[in-house]
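Chemist: predicted model, plus sequence, below.
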Amino acid sequence: MTVITFTLIMLAAAYMAGLLGSLTGLGGGVVLIPLLTLVFHVDMRYAIGSALLASIANSSGAASAYIKEGITNIRLGMFLEIATTIGAVCGAVIAVFTPTNTIAILLGVVLLFSAAMTLRRKNEQALQQGSRLSHLLKLNNSYPTKDGVVHYELKNVAGGFGMMLVAGVLSGLLGIGSGALKVLAMDSTMRIPFKVSTTTSNFMIGVTAAASAVVYLQRGYIVPDIAFPVVLGVLGGAFTGARLLKVINASTLRYIFCAAIAFIALEMMYNGLHHKF
Amino acid sequence: MSFIKKLVDRDVEVIVGKMLRYGVFTASGIVLAGGIFYLIQRGHTLVPNYQHFHSEGKEFTTFSGIIKGAAGFSSTEVIQLGVMVLLATPILRIVMSLGAFALEKDKLYVGITALVLAVILFSMFGGLKV
């Protein structure tokens, strides 16, 4: 295949991945890895390297809008980034000793879990009495809603921190943002309102992904031929997705996409179990 | 938190947000420029084999290698330079937050932010590439 055909096909594929990732709220990386490995037969390591780039681009691009609205809890994000970055570095180290087939199976499991997570009931309730630690660490905050400013407090800081460590390891090992797990840690464990959880999770993804991407760049997982179409395609797709979300009601679409993602996840696991990677 | 402090806090947040957006724009601009250049130069050559992993040379994997290649307008290294700008964006965000917390004299968060920065710097220079 010539460079120009490869680039054009890859650009279209990355665009679709970015679009799907933004419509489902799962991020560009999770869709990109199966696409690169299953359809283009790209080696898992290159797929992981470029998926991390996609995650960083998505996170940084979207975070600015949410920060402007004042929903993102920056102190909380900063504090939990201790856990996610340490986890990510560990994940990048473990990756060296992990066979690519194992990574594929793990990725399938995480994909299934993420798809299920988007269909789950969200926590809309703002907790009024937080734990002692949440006060000590100044994690309680407020955010604007249609009905005025809502104050919220949070609990179970240690539990949330622990889950963030796991999210970080998975992010470093699999090259994904692991947004679903981050949201779960904040939403169900720390009882943070859903809107704050999702935006703060998105804010954290860039730093988490960068922590392992700097290692992968040095290992040669990130190559210009793939980085070029992936970065531009995913960003374009995510941008279109964000605009579409304002116009259309995505809830029905979300079910269809989640079913599609579940199918992809099973495909990844099947191929991993049969040592196709 | 006093009113003025809260105001400063919001300002810094907005600046951090803008910085993230400009970082992504700059990175994609560089990647696009390098990419177009690359297509013109080598669009009709065959794609390297990416079905099996092989280690890349210094020109794509080290800071000095990428800078050297990009300074000589080698298209592939220009793309990698864009990648480096993309990776640097969230890291720069941490540095800015560190400054912001220092201005607010929030010692606890200066410490927390410094710790996160230390982890990332360790990841960069800790010799983890093997």
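Modeler: Arrived safely.

Chemist: hey, let's count contacts and neighbours off CA atoms from now on
Modeler: Noted.

Chemist: which SS state does B:Q51 fall under?
Modeler: State at B:Q51, reduced to three classes by DSSP: H, G, I helix; E, B strand; the rest coil: coil.

Chemist: do the host helix or strand of A:V207 and chain B meet at all?
Modeler: A:V207 belongs to helix A:194-219 when assigned by DSSP states H and E. Yes - against chain B, helix A:194-219 shows contacts by C-alpha under 8 Å from any C-alpha of the partner chain at A:206-207, A:210-219.

Chemist: which parts of the chain are helices?
Modeler: Let's take chain A. A:3-24, A:28-34, A:44-69, A:74-96, A:100-118, A:132-136, A:157-174, A:179-184, A:194-219, A:224-247, A:251-273 (DSSP state H).

Chemist: wait, chain B
Modeler: Going by DSSP H, chain B shows helices at B:3-42, B:58-61, B:63-71, B:75-103, B:107-125.

Chemist: name the residues of the shortest one that are buried.
Modeler: Residues of helix B:58-61 classed as buried: B:59-61 (neighbour count, 16 or more other C-alpha atoms under 10 Å in any protein chain shown).

Chemist: can you give me the neighbour number for A:A65?
Modeler: Neighbour count of A:A65, defined by other C-alpha atoms under 10 Å in any protein chain shown: 18.

Chemist: residues in contact with it?
Modeler: Neighbouring residues of A:A65 by C-alpha atoms under 8 Å, 6 or more residues apart in numbering or on different chains: B:G17.

Chemist: tell me how many other residues crowd A:Q125.
Modeler: 12.

Chemist: where does the prediction get shaky in the chain?
Modeler: By default, I'm working from chain A. A:250 (pLDDT under 70).

Chemist: if you could check chain B rather than the one you did, that'd help
Modeler: Judged by pLDDT under 70, chain B has its weakly predicted residues at B:1-9, B:130.

Chemist: centre-most residue in it?
Modeler: Central residue of chain B (C-alpha atoms, centre = their mean): B:A88, 1.7 Å from the mean position.

Chemist: look up how far chain A lies from it.
Modeler: In this structure, B:A88 and chain A are 8 Å apart, going by C-alpha to the nearest C-alpha, to the nearest Å.

Chemist: B:S28 is in contact with B:G82, correct?
Modeler: Yes - using C-alpha atoms under 8 Å, B:G82 is in contact with B:S28, at 6.5 Å.

Chemist: how about the contacts made by A:Y143?
Modeler: A:Y143 makes contact with A:70-71, A:149-151, A:196, according to C-alpha under 8 Å, 6+ apart.

Chemist: make CSV out of these and add distance to B:S74 and neighbour count.
Modeler: Below are these laid out as CSV (distance: C-alpha to C-alpha, whole Å; neighbours: other C-alpha atoms under 10 Å in any protein chain shown):
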residue, distance to B:S74, neighbour count
A:G70, 42, 18
A:I71, 42, 20
A:V149, 52, 10
A:V150, 53, 13
A:H151, 53, 13
A:V196, 43, 23
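
Chemist: of the residues you listed, which is the nearest to chain B?
Modeler: The closest of the contacts of A:Y143 to chain B turns out to be A:G70 (C-alpha to the nearest C-alpha; 8.1 Å).

Chemist: my read: that closest one touches A:P144, true?
Modeler: Yes - with contacts counted by C-alpha under 8 Å, A:G70 reaches A:P144, the gap being 7.0 Å.

Chemist: alpha carbons of stretch A:16-23, as PDB, please.
Modeler: Written as PDB, here are the backbone C-alpha positions of stretch A:16-23 (Å, rounded to 0.1, in the frame of the first residue of the first chain):
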ATOM      1  CA  MET A  16     -14.900   7.600  12.800                       C
ATOM      2  CA  ALA A  17     -13.200   6.500  16.000                       C
ATOM      3  CA  GLY A  18     -13.200  10.100  17.300                       C
ATOM      4  CA  LEU A  19     -16.800  10.500  16.400                       C
ATOM      5  CA  LEU A  20     -17.900   7.300  18.000                       C
ATOM      6  CA  GLY A  21     -15.800   8.000  21.000                       C
ATOM      7  CA  SER A  22     -17.300  11.400  21.600                       C
ATOM      8  CA  LEU A  23     -20.900  10.300  21.000                       C
END
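
Chemist: just give me how far that stretch sits from the chain centre.
Modeler: Its chain's C-alpha centre and that of stretch A:16-23 lie 12 Å apart, by C-alpha atoms, centre = their mean, to the nearest Å.

Chemist: what residues does it touch?
Modeler: Stretch A:16-23 is contacted from outside by A:27-32, A:233-242, A:245, A:250, A:254, A:257, using C-alpha under 8 Å, 6+ apart.

Chemist: distance to B:M96 added to the helices of chain A, as a markdown table?
Modeler: Shown next, in a markdown table, are these (distance: least, C-alpha to C-alpha, whole Å):
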| stretch | distance to B:M96 |
| --- | --- |
| helix A:3-24 | 27 |
| helix A:28-34 | 26 |
| helix A:44-69 | 14 |
| helix A:74-96 | 12 |
| helix A:100-118 | 32 |
| helix A:132-136 | 23 |
| helix A:157-174 | 22 |
| helix A:179-184 | 23 |
| helix A:194-219 | 13 |
| helix A:224-247 | 24 |
| helix A:251-273 | 36 |
